Each structure stands twice: as structure tokens, then as C-alpha cells.
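>>> Sharing a model that was predicted from the sequence below.
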Amino acid sequence: MLVFPFTTSALKMVQPLGTFYVSVLPAELLLETSFSDQLRATKGDGTGYELRGTQRGIVLDRLRAIAAYIDRYDSAFPNSIILAANLNEDNGTIDEDDTVRWSIAEKPGCDSYVLTIPSSRKLAAIIDGQHRLFAFKFAESARLKTDLICSIFIDLPRPFQAQLFATINSTQKPVDKSITYELFGYNISDEPETYWSPDKLAVFLARKLNFESDSPLHNRVVVAPLNDFSIGVLGGNVSWTISMATVVEGIGRLISTNPKRDTRNLLKSAQMFTGKWSRERL
């Protein structure tokens, strides 16, 4: 059960945009004290619209998918949730009531600080990480104790929140699926074959198809970056190639009707490393 006022340690970060504090907060506390300032348009007095908020709408399917990952025994969230503390949910103004405001105090004689959250009142606007956090509502209740890294701005005006959100989400580049599959299967030699998930088995078979000399896909399966197997390195002797992602996903559909579900079921239980779990049980 949460007890307020809630206090925890924090580290000070000074960057060009301004000063913020990095702290660790449990998911249940964040769900109780933060909110998503969703971007929405309100018709004004004239013909235009006034934009309010900085976030995109919540996507329930995405929340449930993340919740399934949260429930796995190996789930991890090493990247931070970005918060703007002391913002009124109803109008976006800075709350000046010292009895409810989040505050930072320096610890005497050291470089760390103390973050104090006086009450459960929702005063922290989520700048980035809303789906990651709200997915905990759909996860197992025990996962609410999960610690999450938070970057906390104190009294950050809404225009700067919008700027920060836009910058983060416009500069991020998704990881190529081919690279993801190669990384996902990197340790197949360290695990017994019976414990491989459908995706990992598909990665193994895709690699075999690429390297076996009598394979129709010999030297034609390419991972996105330039590597020893790319057309350029082969001197242009290959007339066509196929991506690792395409091969892995194609094989995966032959192995399982729902590779993601089966992978999740395998990884959800730590028993897979004790010999009690295997693909045969799916």
C-alpha cells in the first residue's frame, strides 16, 4: 500500500533544455499520481482550432501487448518515463499549492537529492512513456511493484513539454526487423534446442538456409547493414536477395499459427530453463 508523503532519492541532470531529476518510482505510484495530457483540438471563437496537450491518444491494443511483455519473467524497462511535475490536469497550469507540489531538496554533504511527492493527487504530466506506464493496468497485479526510471522536470511549461515530446518522437528510428531477428537469435548455441521459441527456431533455420551451399537461399538472406553476406561484398554475383525478416517471418508461420503468443508463453515462465518447459508443450 502506498504511503504519502512518498520520498525517494534523485540525481540532478543539467542539460541545454534545463534541469531535471532522475529517480526510481514504482509503477503503482506513477499510475496514481500521473496523467496523460493527450493532444486534442478544441474549436475556438473563430474558424480555427486550439490545440491542447502534447500526447497522442491511448491505443488499447498496444497497452495489452505491452502488458503481455510486462508479465513475462524477463521483462525490463531500462529507458526512462519523462514527467512534468506540478501541472494541473484540468487546465495545464503550474500548481502553486506547496502542500501538494512535488519538490526537490538537496541532501547535505552529497551530490544526490530527495524527491518528495506529498499526496496521490495527479500532478505529473507524462511527456513520454504513456503506453509503457498505462500497460501496467492490464498486467498482473504483482507487477505494479515494478520500479521504473523517471526523468522528472519540475514546473516545465507546456510549450517546452510539447517541444520535448515532438523532438523525441520525430528523431527516433525504429530498429530494422532483420537486425532485430539477428539479435534475437544471437545466443541459440547457449540453449537446448527444445527451449527455443518459434522465432528463435526460425532464426536458426533462416541462417542455415543462408549458409548451406545446397540451399536455394544460399548467400541471399541479407541483414540490413552492410556485412560479409551483402551483395556489395559478394562482388555483384548475386542477382537477387531477400531480407532476414522476410525469411524468419515466413518460417515462423510454418512453425506456429501464432508465433508471438507461443513465444510469450515460453518466456513467461522461468521453468523453461529447468527442463519443465519446451516447445512440445505449446
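Received it, and whenever you're ready, just let me know what you need.
>>> drop to CA atoms for contacts and neighbour counts, all remaining ones
Will do.
>>> where in the stretch 151-282 of the chain is pLDDT low?
159, 169-176, 178-191, 195, 223-238, 267-282 (pLDDT under 70).
>>> In it, mark out all the strands, start to finish.
Ranges of strands in the stretch 151-282 of the chain, per DSSP state E, counting those that start in this stretch, are 221-222, 242-243.
>>> Neighbouring strands of the first one in the sheet, and parallel or not?
What it means is strand 221-222. strand 242-243 (parallel) (DSSP bridges).
>>> Leaving out the residues flanking it, which one is nearest to residue 100?
residue 118 (5.3 Å; CA to CA, 6 or more residues apart in numbering).
>>> where does the one you found land on pLDDT?
Note for residue 118: predicted pLDDT of 97.
>>> how much space between it and residue 103?
Noted for residue 118: a distance of 9 Å to residue 103, by CA to CA, to the nearest Å.
>>> quick one on the thing from earlier: just the strands of the stretch 151-282 of the chain: most buried one?
strand 221-222 (a mean of 24; mean count of other CA atoms under 10 Å).
>>> Tell me where the protein has helices.
Using DSSP state H, the helices of the chain run over residues 27-33, 60-70, 130-134, 158-171, 177-184, 198-211, 244-255, 259-267.
>>> what separates the fourth one from the chain centre, distance-wise?
Using CA atoms, centre = their mean, to the nearest Å, the mean C-alpha position of helix 158-171 is found 17 Å from that of the whole chain.
>>> same check, this time on the first one
Offset of helix 27-33 from its chain centre (CA atoms, centre = their mean): 17 Å.
>>> Please state the mean pLDDT value computed over it.
Computed over helix 27-33, the average pLDDT equals 94.
>>> how about the nearest residue to residue 14, chain neighbours excluded?
Residue 14's closest residue in space is residue 20 (CA to CA, 6+ apart), at 6.6 Å.
>>> what touches both of residue 118 and residue 103?
Common neighbours of residue 118 and residue 103, using CA atoms under 8 Å, 6 or more residues apart in numbering, do not exist here.
>>> ok so, going back, need the helices of the chain in CSV (columns: distance to residue 79 and mean neighbour count).
As requested, the helices of the chain are exported to CSV (distance: least, CA to CA, whole Å; neighbours: other CA atoms under 10 Å):
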stretch, distance to residue 79, mean neighbour count
helix 27-33, 14, 19
helix 60-70, 14, 17
helix 130-134, 10, 21
helix 158-171, 13, 14
helix 177-184, 18, 17
helix 198-211, 25, 21
helix 244-255, 25, 18
helix 259-267, 21, 18
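>>> what would those helices look like in a markdown table with distance to residue 141?
Shown next, in a markdown table, are the helices of the chain (distance: least, CA to CA, whole Å):
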| stretch | distance to residue 141 |
| --- | --- |
| helix 27-33 | 9 |
| helix 60-70 | 11 |
| helix 130-134 | 13 |
| helix 158-171 | 29 |
| helix 177-184 | 28 |
| helix 198-211 | 28 |
| helix 244-255 | 32 |
| helix 259-267 | 18 |
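>>> and of those, who's closest to residue 219?
In terms of CA to CA, the element of the helices of the chain nearest to residue 219 is helix 198-211, at 5.1 Å.
>>> count of residues packed around the residue nearest to residue 14?
Residues within reach of residue 20, counting by other CA atoms under 10 Å, total 22.
>>> Would you mind measuring from it to residue 115?
11 Å.
>>> What of residue 266?
Taken as CA to CA, the span from residue 266 to residue 115 is 39 Å.
>>> Likewise for residue 137?
Taking CA to CA, one finds residue 137 at 25 Å from residue 115.
>>> Which one's more surrounded, those two?
Using other CA under 10 Å as the criterion, residue 137 and residue 115 rank with residue 115 on top: 22 against 16.
>>> Test my guess that the more buried one contacts residue 107.
No: Residue 115 is beyond contact range of residue 107, at 10.2 Å (criterion: CA atoms under 8 Å).
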